[in-house]
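Chemist: kindly return the folded structure for what I paste below:
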Amino acid sequence: MKHFGYLAPEEREALFHRAPREFTAASPARTLATALGATLYSPATRPRLADDIVRQAGRGVVSMVLCLEDSIDDADVPGAEENLVRQFADLAGRDADASLPLLFIRVRTPRQIPDLTRRLGR
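Modeler: The predicted model follows:
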(Lines give C-alpha, C1' and ligand atoms only; values in the text may rest on other atoms or scores of the structure.)
Protein backbone atom coordinates (compact mmCIF):
# COMPACT_ATOMS: atom_id res chain seq x y z
CA MET A 1 0.00 0.00 0.00
CA LYS A 2 1.02 3.58 -0.49
CA HIS A 3 -0.31 6.95 0.60
CA PHE A 4 -2.01 8.73 -2.29
CA GLY A 5 -1.92 5.45 -4.23
CA TYR A 6 -5.15 6.43 -5.94
CA LEU A 7 -3.35 9.28 -7.77
CA ALA A 8 -1.79 8.73 -11.17
CA PRO A 9 2.03 8.59 -11.07
CA GLU A 10 2.35 11.94 -12.86
CA GLU A 11 0.05 13.59 -10.30
CA ARG A 12 2.14 12.22 -7.41
CA GLU A 13 5.31 13.42 -9.13
CA ALA A 14 3.87 16.93 -9.49
CA LEU A 15 2.73 17.05 -5.86
CA PHE A 16 5.70 15.63 -3.99
CA HIS A 17 9.39 16.36 -3.85
CA ARG A 18 9.77 12.73 -2.79
CA ALA A 19 6.73 10.56 -3.56
CA PRO A 20 5.36 8.24 -0.85
CA ARG A 21 6.88 4.77 -0.96
CA GLU A 22 5.07 1.48 -0.72
CA PHE A 23 4.84 -0.37 2.59
CA THR A 24 3.20 -3.54 3.86
CA ALA A 25 2.29 -5.09 7.18
CA ALA A 26 5.71 -6.77 7.01
CA SER A 27 7.58 -3.45 6.78
CA PRO A 28 9.91 -2.60 9.66
CA ALA A 29 8.20 -1.18 12.76
CA ARG A 30 9.98 2.13 12.26
CA THR A 31 8.48 2.46 8.78
CA LEU A 32 4.99 1.49 9.97
CA ALA A 33 5.14 3.96 12.86
CA THR A 34 5.31 6.83 10.40
CA ALA A 35 3.41 5.26 7.49
CA LEU A 36 0.11 4.72 9.28
CA GLY A 37 -0.97 8.31 8.73
CA ALA A 38 -4.49 9.24 9.77
CA THR A 39 -6.11 6.04 11.03
CA LEU A 40 -9.84 5.65 10.51
CA TYR A 41 -11.82 4.26 13.45
CA SER A 42 -14.97 2.28 12.78
CA PRO A 43 -17.30 0.54 15.25
CA ALA A 44 -17.27 -3.24 14.83
CA THR A 45 -21.08 -3.20 14.88
CA ARG A 46 -21.30 -1.89 11.30
CA PRO A 47 -23.31 -4.51 9.37
CA ARG A 48 -21.36 -3.97 6.12
CA LEU A 49 -17.95 -3.50 7.69
CA ALA A 50 -16.12 -5.55 5.05
CA ASP A 51 -17.62 -3.40 2.29
CA ASP A 52 -16.70 -0.26 4.25
CA ILE A 53 -13.08 -1.44 4.55
CA VAL A 54 -12.77 -2.15 0.83
CA ARG A 55 -14.44 1.15 -0.08
CA GLN A 56 -12.19 3.15 2.27
CA ALA A 57 -9.09 1.44 0.88
CA GLY A 58 -10.16 2.62 -2.57
CA ARG A 59 -10.33 6.15 -1.19
CA GLY A 60 -6.76 6.01 0.05
CA VAL A 61 -7.21 4.90 3.67
CA VAL A 62 -4.15 2.87 4.67
CA SER A 63 -5.02 1.98 8.28
CA MET A 64 -8.24 1.31 10.16
CA VAL A 65 -9.15 0.42 13.72
CA LEU A 66 -12.18 -1.81 14.14
CA CYS A 67 -13.43 -0.80 17.54
CA LEU A 68 -14.92 -3.03 20.23
CA GLU A 69 -14.29 -0.44 22.91
CA ASP A 70 -15.83 2.98 23.47
CA SER A 71 -17.56 3.38 20.10
CA ILE A 72 -20.14 0.75 21.04
CA ASP A 73 -22.47 0.18 23.96
CA ASP A 74 -21.60 -2.48 26.56
CA ALA A 75 -24.66 -4.50 25.57
CA ASP A 76 -23.50 -4.60 21.94
CA VAL A 77 -20.08 -6.19 22.58
CA PRO A 78 -21.06 -9.85 21.96
CA GLY A 79 -22.83 -8.96 18.70
CA ALA A 80 -19.94 -6.73 17.62
CA GLU A 81 -17.48 -9.57 18.20
CA GLU A 82 -19.63 -11.95 16.13
CA ASN A 83 -19.96 -9.33 13.40
CA LEU A 84 -16.21 -8.72 13.37
CA VAL A 85 -15.49 -12.43 12.91
CA ARG A 86 -18.11 -12.64 10.12
CA GLN A 87 -16.73 -9.56 8.37
CA PHE A 88 -13.17 -10.89 8.47
CA ALA A 89 -14.42 -14.14 6.92
CA ASP A 90 -16.10 -12.06 4.22
CA LEU A 91 -12.83 -10.19 3.56
CA ALA A 92 -10.89 -13.47 3.42
CA GLY A 93 -13.26 -14.78 0.75
CA ARG A 94 -12.73 -11.79 -1.54
CA ASP A 95 -10.20 -11.19 -4.30
CA ALA A 96 -6.72 -11.80 -2.87
CA ASP A 97 -5.33 -9.03 -5.07
CA ALA A 98 -7.57 -6.40 -3.48
CA SER A 99 -5.51 -3.90 -1.53
CA LEU A 100 -6.76 -3.57 2.03
CA PRO A 101 -5.63 -1.13 4.68
CA LEU A 102 -3.73 -2.29 7.74
CA LEU A 103 -6.43 -3.46 10.14
CA PHE A 104 -6.27 -3.22 13.93
CA ILE A 105 -8.81 -4.41 16.47
CA ARG A 106 -9.31 -2.23 19.54
CA VAL A 107 -10.42 -4.54 22.32
CA ARG A 108 -12.19 -3.65 25.54
CA THR A 109 -10.45 -6.19 27.73
CA PRO A 110 -7.26 -8.24 27.37
CA ARG A 111 -9.23 -11.50 27.54
CA GLN A 112 -10.85 -10.64 24.20
CA ILE A 113 -7.50 -11.09 22.45
CA PRO A 114 -7.12 -14.89 22.77
CA ASP A 115 -10.84 -15.41 22.25
CA LEU A 116 -10.92 -13.37 19.03
CA THR A 117 -7.67 -14.93 17.86
CA ARG A 118 -9.21 -18.38 18.26
CA ARG A 119 -12.48 -17.33 16.56
CA LEU A 120 -10.62 -15.74 13.68
CA GLY A 121 -8.74 -19.00 13.13
CA ARG A 122 -5.26 -17.85 14.10
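Chemist: C-alpha only now, for contacts and for neighbours.
Modeler: OK.
Chemist: got the phi/psi numbers for the residue positioned nearest the centre of the chain?
Modeler: For the chain, the residue nearest the mean C-alpha position is residue 103 (2.8 Å; C-alpha atoms, centre = their mean). Taking degrees, to the nearest 10, you get phi -110, psi 130 for the backbone angles of residue 103.
Chemist: contact partners for it?
Modeler: By C-alpha atoms under 8 Å, 6 or more residues apart in numbering, residue 103 lies in contact with 63, 64, 65, 66.
Chemist: at 10 Å what do you get?
Modeler: 25, 39, 40, 41, 53, 62, 63, 64, 65, 66 (C-alpha atoms under 10 Å, 6 or more residues apart in numbering).
Chemist: same thing with residue 36?
Modeler: Contacts of residue 36 by C-alpha under 10 Å, 6+ apart are 2, 3, 23, 61, 62, 63, 64, 101, 102.
Chemist: all helices of this structure, in order?
Modeler: 9-15, 29-35, 49-58, 77-92, 112-119 (DSSP state H).
Chemist: related to what we said a few turns ago, and for the closest residue to the residue nearest to the centre of the chain other than its chain neighbours, the neighbour number?
Modeler: Using C-alpha to C-alpha, 6 or more residues apart in numbering and skipping the chain neighbours, the partner closest in space to residue 103 is residue 64 (5.1 Å). Residue 64 has 21 neighbouring residues, counting by other C-alpha atoms under 10 Å.
Chemist: same question for the one 3 residues further on.
Modeler: By other C-alpha under 10 Å, 22 other residues sit near residue 67.
Chemist: tell me the bridge partners for it.
Modeler: residue 43, residue 106 (DSSP bridges).
Chemist: report the buried residues of the helix-or-strand element of the chain with minimal mean pLDDT.
Modeler: Ranked by mean pLDDT, DSSP states H and E, the helix or strand of the chain with the weakest confidence is helix 29-35, at a mean of 85. Residues of helix 29-35 classed as buried: residue 35 (neighbour count, 16 or more other C-alpha atoms under 10 Å).
Chemist: dump the residue contacts of the residue lying farthest from the centre of the chain.
Modeler: For the chain, the residue at maximal distance from the C-alpha centroid (C-alpha atoms, centre = their mean) is residue 14, at 28.5 Å. Applying C-alpha under 10 Å, 6+ apart to residue 14 gives no contacts.
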